[in-house]
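S.K.: this is a predicted model, with the sequence first.
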Amino acid sequence: MNNITTFNFSLGREERSKLSNHTSFVVWFTGLSGSGKSTLANMVEKLLYEQKVRTFVLDGDSLRNGLNKELDFSPEEREENLRVAAEVAKILVSSGSVVLASFISPKQANRDLVKEIIGEQDFIETFVNTSLETCEKRDVKGLYKKARAGEIKNFTGIDSPYEKPKNPEIEINTEKENLQEAANRIVNLLQKKLELK
Ligand SMILES: Nc1ncnc2c1ncn2[C@@H]1O[C@H](COP(=O)(O)OS(=O)(=O)O)[C@@H](OP(=O)(O)O)[C@H]1O
Ligand SMILES: Nc1ncnc2c1ncn2[C@@H]1O[C@H](COP(=O)(O)OP(=O)(O)O)[C@@H](O)[C@H]1O
């Protein structure tokens, strides 16, 4: 017992959804560092914005610069990072936003936890399936080079595992599909769920 009781507020998600004229949910991008999660989340957000959809992007780098500043990349602290991210995403969903969440979320157990917090009906697992070889070639932030040199420990794909999702709702292969095509395809897949008025 934590002696906390929740107040029964008059307005909830449904009322807020009426104001924004669409439903709300989370598109959860998972994939290796450099796979294209943030780039795609950014492109999808811009396309939704053009349709007057209320959106919010949550990503690992920004959360880890603030709310989750104290957390490292050990399996335990990654899990805590993702638990907090999922709770924030859930709040944003209840505020009426479509959330574009971009986190490596390397383990099936991490993604199961996130799904449990957000709720299965509001969670769209989106696998950005880019090979380690390609991510390492891109090395956008120079982190793979540092990880190979042993300057960063626990780097996903190098000395920390990434488990591919088995049955993602959406899968993008940025080596086969260009970014614009991939972003358009995601937005098309979201149309029915959005129930735009
Ligand atoms: N050790 C290690 N492993 C993986 N990534 C690392 C690491 N150290 C720093 N970074 C940077 O942190 C970003 C990933 O943070 P996430 O919050 O998405 O990771 S996790 O979901 O908790 O596993 C990741 O961002 P993205 O490249 O956008 O994925 C990196 O920029
Ligand atoms: N289909 C593609 N062709 C060429 N470059 C791509 C393609 N998809 C992604 N990229 C590039 O790969 C990089 C991915 O970086 P980013 O979106 O930050 O990845 P993540 O958020 O997963 O770490 C970006 O520089 C992006 O322009």
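M.R.: That came in fine, so what should we check first? Ligands and ions are numbered 1, 2, ... in the order given.
S.K.: could you say what helices and strands the helix or strand hosting residue 44 packs with?
M.R.: For residue 44, the host element (DSSP states H and E) is helix 37-50. Helices and strands touching helix 37-50, by 3 or more CB pairs under 8 Å, 6 or more residues apart in numbering; DSSP states H and E, are strand 26-30, strand 55-59, strand 98-102, helix 179-194. For glycine as for every other residue, the C-beta is placed from the backbone atoms N, C-alpha and C.
S.K.: paired strands for the third one, with orientation please.
M.R.: Within its sheet, strand 98-102 is paired with strand 26-30 (parallel), strand 55-59 (parallel), according to DSSP bridges.
S.K.: as CSV, those with distance to residue 111 and mean neighbour count would be great.
M.R.: Listed next are these as CSV, based on distance: least, CB to CB, whole Å; neighbours: other CB atoms under 10 Å:
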stretch, distance to residue 111, mean neighbour count
strand 26-30, 6, 29
strand 55-59, 15, 18
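S.K.: out of those, which gets nearest to residue 181?
M.R.: When the strands paired with strand 98-102 are compared by CB to CB, strand 26-30 sits nearest residue 181, at 16.2 Å.
S.K.: what's the closest one in contact with?
M.R.: 37, 40-41, 44, 89-90, 93, 98-106, 111, 114, 118, 122-128, 165, 168, 170, 186, 190 (CB atoms under 8 Å, 6 or more residues apart in numbering).
S.K.: also within reach of ligand 1: list those from the residues you listed.
M.R.: Contacts with ligand 1 within these, counted by CB under 6 Å from any ligand atom: 37, 103, 104, 105, 106.
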